[in-house]
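Novice: fold the following, please.
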Amino acid sequence: MGMLLWIAAVVLVIVGIITLVQGSVLLGVLLIVVGLLVGPGGVSIFNGRGRTT
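Specialist: All right, here's what the predicted structure looks like:
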């Protein structure tokens with residue numbers, strides 16, 4: 001599961017950077033932030049509150 005989260009986070013951040021370069025600042029920043037939150041080091045949406053792995 002951790003590897004899947006890493007892949008999703010990397011894809012979101014890369015797409016966010018490409019979107020920033022193309023000129024859509026708000027969407028690019030939003031994608032980067034979501035990518036950082038989804039990654040295993042961030043806030044996982046798949047784990048419940050108070051659970052530790």
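
Novice: now for the most centrally placed residue in the chain: which residues touch it?
Specialist: Nearest residue to the geometric centre of the chain (C-alpha atoms, centre = their mean): Gly35, 1.1 Å. If you count contacts by C-beta atoms under 8 Å, 6 or more residues apart in numbering, Gly35 has them with Ala8, Ala9, Val10, Val11, Leu12, Val13, Gly16. Glycine gets a C-beta too; all of them are placed from N, C-alpha and C.

Novice: now do Val25
Specialist: Residues counted as contacts of Val25 (C-beta under 8 Å, 6+ apart): none.

Novice: would you map the helices across this protein?
Specialist: Here the chain has its helices, by DSSP state H, at 2-22, 25-38.

Novice: dump those into TSV; add mean pLDDT as well.
Specialist: Formatted as TSV, the helices of the chain follow (pLDDT from 0 to 100):
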stretch	mean pLDDT
helix 2-22	90
helix 25-38	91
